[in-house]
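Undergrad: how would this look folded up:
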Amino acid sequence: MSSSPNPELAARIDARCERGAIPDEHRPTFQLLVGRRLAQADSELEQAWEAVHEDYADWQSYCAACDGDEVAQTEFYGAWRRRARAYYRQLGVDDDSWEDLFQQFSERLLRYKVRERFQWTSSFRAYCYTMLRRLGTQRQVTWHRRAETELTVDPPTTAPGPDESLPAREEEELLEKAFEQLGDLDRRVLLAFYAEDLSAGAIAKNLGLQPAAVHQRISRARKRLAKLVSALTATPVEERRDRGGSRG
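TA: Coordinates of the predicted model:
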């Protein structure tokens, strides 16, 4: 079922946007998200519009927090701290771990320049919950690997030890630098597919492409990203830092 509202409903949504002083550039997203809610759930226009408006308000609060508004920072991160706690408890994450996961979540919202890349073209809350879920999944995978390592006696090996491998934080920084070198469309498609968990069909509809073209774009973007990461990994650390400093 299409999430795009019919002309009559679209006019009603636009009227609500007008009364709510929603900027023109964000009205298409209201049309998309309200239409999607009405198509996927048995709800009235008022309920759907309010839910989307709350998502938009969350995005606006995040933007204000990025601009240094201390009140917005307290409200935004306070609200998401409560949501993260409730969400991780549902997943069975212990109390000693969810605070650390939330801290990683907060850092990523700033480090990955979500404000510049996201632009509120889809649900911001869905984006945030996806990030929380993936952080929790990564933690579980790490625990399982650690448990397997502790229970397994490996034969002697010439492979590099933990101190010789690339630190996790440096890997993240390399990935971020490589991601910034991709084209705008490649970045948008990868973010939509991996960070927002959108299907190729949904991405195609949002970007005016064919689903097959989106699959092809994702495949090629992943290969470009892998090559960029490999090139950066082969670059001496000091040179990478000099390049980073020259950009700033």
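
Undergrad: what does the helix or strand where S219 lies rub up against?
TA: In this assignment (DSSP states H and E), S219 forms part of helix 211-234. Helix 211-234 is contacted from outside by 166, 174-175, 177-179, 181-182, 185-186, 189-190, 193, 200-201, 203-204, 207, 209, 240, using CB atoms under 8 Å, 6 or more residues apart in numbering. The way it works is simple: take the backbone N, C-alpha and C, and place the C-beta from them, glycine included.

Undergrad: give me that answer again for 10 Å
TA: 166, 170-171, 173-175, 177-183, 185-190, 192-194, 198-207, 209-210, 239-240, 243 (CB atoms under 10 Å, 6 or more residues apart in numbering).

Undergrad: What is the neighbour count of S97?
TA: Using other CB atoms under 10 Å, S97 is surrounded by 14 other residues.

Undergrad: That one and Q40, how far apart?
TA: 32 Å (CB to CB, to the nearest Å).

Undergrad: what stretches of the protein score poorly on pLDDT?
TA: The chain contains residues with pLDDT under 70 at 1-5, 41-43, 111-113, 139-172, 195-197, 235-248.

Undergrad: Tell me where it has helices.
TA: 7-19, 27-40, 45-66, 70-90, 95-111, 114-118, 124-151, 168-180, 184-190, 200-207, 211-234, 237-247 (DSSP state H).

Undergrad: Tell me the buried residues in the second one?
TA: Taking 16 or more other CB atoms under 10 Å as the neighbour-count basis, helix 27-40 is seen to contain the buried residues R27, T29, F30, Q31, L32, L33, V34, G35, R36, R37, L38.
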